[in-house]
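A.B. asks: please work out how this folds:
(2 chains)
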Amino acid sequence: AQSVAQPEDQVNVAEGNPLTVKCTYSVSGNPYLFWYVQYPNRGLQFLLKYITGDNLVKGSYGFEAEFNKSQTSFHLKKPSALVSDSALYFCAVRDMNSGNTPLVFGKGTRLSVIA
Amino acid sequence: EPEVTQTPSHQVTQMGQEVILRCVPISNHLYFYWYRQILGQKVEFLVSFYNNEISEKSEIFDDQFSVERPDGSNFTLKIRSTKLEDSAMYFCASSEGQGPYGYTFGSGTRLTVV
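C.D. replies: Have a look, this model is predicted:
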């Protein structure tokens, strides 16, 4: 079975400071990992994904994420937060060997960037 | 940029009534999904659809739920007899392949059962 944990319900950060949104995963094989963002009353928008190769993945809006196999983590980061980054962030995983098993999402982390 | 389109954006229905939620996936995508989200919380998988049949479904997707691709463009979710606990945001998504492909989500249908 595959699962995702986002240990923080809420992350607060001051504008201009670096932000981290945490994600850990569990799969039987190797993972495909994704981050999505949801703004109020909107659908989920793709930010970035890890497939293979370089552990540091860069995505939309200046976000990046680092894959750490030993810690089974895929934390989302941004060097300097903007107020407009305030949203709900979801980590998702799929086992590489699972065929078309659907993406499994974490429960989400609400990011609040304070001016 | 191609979009997944969902209609209606908001649906209010009486308990026990049937509802049909509609989705137009991206035209060259082959895999289709329904997820739901209750009160802005966890995004829960309902069903996946490929080659005109259900490929996987969750325990939430019981006999009250069905999906259909009636023509070459639409993908629908039907709830036969709605319950209060079916109130949620329902998201349609599509992807062009398996494995490393992510999903493109629609903006959702907010279903309110009264």
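
A.B. asks: what parts of chain A come near chain B?
C.D. replies: A:32, A:34, A:36, A:41-46, A:49, A:51, A:88, A:90, A:94, A:96, A:99-108 (CB under 8 Å from any CB of the partner chain). From N, CA and C alone the C-beta is placed, and that goes for glycine too.

A.B. asks: which among those residues end up buried?
C.D. replies: A:32, A:34, A:36, A:43-44, A:46, A:49, A:51, A:88, A:90, A:94, A:100-108 (16 or more other CB atoms under 10 Å in any protein chain shown).

A.B. asks: which residues touch residue 86?
C.D. replies: Since you didn't name a chain, this refers to chain A. Residues near residue A:86 by CB atoms under 8 Å, 6 or more residues apart in numbering or on different chains: A:111-113.

A.B. asks: you answered for a different chain; I wanted chain B.
C.D. replies: B:79, B:111, B:113.

A.B. asks: what do you get if the cut-off is 10 Å, keeping everything else the same?
C.D. replies: Applying CB atoms under 10 Å, 6 or more residues apart in numbering or on different chains, we find residue B:86 in contact with B:13, B:15, B:19, B:36, B:38, B:60, B:64-65, B:79, B:111-113.

A.B. asks: same check on residue A:53?
C.D. replies: Residue A:53 makes contacts with residue A:67, as judged by CB under 10 Å, 6+ apart.

A.B. asks: which SS state does it fall under?
C.D. replies: coil (DSSP: H, G, I helix; E, B strand; the rest coil).

A.B. asks: just the element for the residue nearest the centre of chain B, please.
C.D. replies: Centroid-nearest residue in chain B, with CA atoms, centre = their mean: residue B:34, separated by 3.2 Å. Secondary structure assignment for residue B:34, by DSSP states H and E: strand B:31-37.

A.B. asks: can you select the buried ones among the contacts of residue B:86 for me in ChimeraX?
C.D. replies: A single ChimeraX command selects the buried members of those (16+ other CB under 10 Å):
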select /B:13,19,36,60,65,79,111,113
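
A.B. asks: could you pull out the strands for the chain?
C.D. replies: The chain I'm using is chain A. Secondary structure of chain A by DSSP state E: the strands cover A:3-5, A:10-14, A:19-21, A:24-26, A:31-38, A:44-50, A:56-58, A:64-68, A:73-78, A:87-95, A:104-105, A:109-114.

A.B. asks: please refer instead to chain B.
C.D. replies: B:5-7, B:10-13, B:19-24, B:31-37, B:43-50, B:53-57, B:65-68, B:75-79, B:88-95, B:104-105, B:109-113.
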